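Participant: Give me a 3D structure for the following:
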Amino acid sequence: MKRTEQIEIWSRAFGRGVFPHQLAWFLDLPGRGLIMSAQTVAERLPVKPDACVLEVGSGSGYYSVKVAKRIPEGSLTLLDIQEKMLEESAKKLSAEGITNFSTRQADGKSLPFESGVFDALFLVTVLGEIEDRASFLEEAARVLKKDGVLSITEHHPDPDFENAEKLAASLEEHGFVPLQKLGWRWAYTLNASKSGTQ
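Facilitator: Got it, this is the predicted structure:
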């Protein structure tokens, strides 16, 4: 790989936008859990053991394993714009003996699923990477069941970080009702519903 390509990849990693698959290993560094552990994200997701869950922007699968283990009778669908990231996620889940998952390559603007099929949709430090937020939120509302939950986690030092108040206002503009904010100012989860109930 040429030096200019390496510089471009590292610039993308620490700038706004999609995190490069070439640095997937960076997403799994042990220190990441000090900011927002996979266990915390999984516990903040209000789901039953038989839930159908969609993870948008699964990346390396850092959060996927813990979430999949919370829904042993359900299913987890991983969606990412980069096929290489999905391959990393699938390897991680398979290595843990998890089989109740599938992968799908797509961006957040158009979710390739039928309407009303997911109990929950979650994403962690991904919303700011989606170019057309309005389209994504419309699609999220479409694929969620009537009482489905949209769970968005944000934390620093992600360059696309958005504060909870601004995010809640954005969700309300698109028909979601914020239900609960968990965590603190710089590392939080905001759960919202189409119906205003869980």
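
Participant: residues contacting residue 69?
Facilitator: 42, 96, 98 (Cβ atoms under 8 Å, 6 or more residues apart in numbering). Backbone N, C-alpha and C define where each C-beta goes, glycine included.

Participant: any idea how far it is from residue 40?
Facilitator: Going from residue 69 to residue 40 by Cβ to Cβ, to the nearest Å gives 14 Å.

Participant: longest helix anywhere in the protein?
Facilitator: Ranked by residue count and defined by DSSP state H, the top helix of the chain is helix 83-95.

Participant: what helix or strand does the residue positioned nearest the centre of the chain sit in?
Facilitator: In the chain, the residue lying closest to the centroid (Cα atoms, centre = their mean) is residue 123, at 1.8 Å. If you go by DSSP states H and E, residue 123 is part of strand 118-124.

Participant: strand partners of the longest strand along the chain, parallel vs antiparallel please.
Facilitator: Counting residues, the longest strand found in the chain (DSSP state E) is strand 144-155. According to DSSP bridges, strand 144-155 forms sheet pairs with strand 118-124 (parallel), strand 187-193 (antiparallel).

Participant: I'd assumed residue 65 was in a strand, is it?
Facilitator: No: counting by DSSP: H, G, I helix; E, B strand; the rest coil, residue 65 is not part of a strand but helix.

Participant: can you map out the helices along this protein?
Facilitator: 3-13, 32-35, 38-43, 64-70, 83-95, 133-143, 164-173.

Participant: Off-centre distance for the strand holding residue 123?
Facilitator: Counting by Cα atoms, centre = their mean, to the nearest Å, strand 118-124 is centred 7 Å from the centre of its parent chain.

Participant: quick one: contacts of it?
Facilitator: 36, 41, 45-48, 51-57, 63, 67, 74, 77, 140, 143-145, 148-155.

Participant: which of the residues you listed are buried?
Facilitator: Neighbour-count burial (16 or more other Cβ atoms under 10 Å) applied to those gives 36, 41, 45, 47, 51-57, 63, 67, 74, 77, 140, 143-145, 148-155.

Participant: Point out where this protein drops to low pLDDT.
Facilitator: 1-34, 195-198 (pLDDT under 70).

Participant: what do you get if the cut-off is 80, keeping everything else the same?
Facilitator: 1-35, 195-198 (pLDDT under 80).
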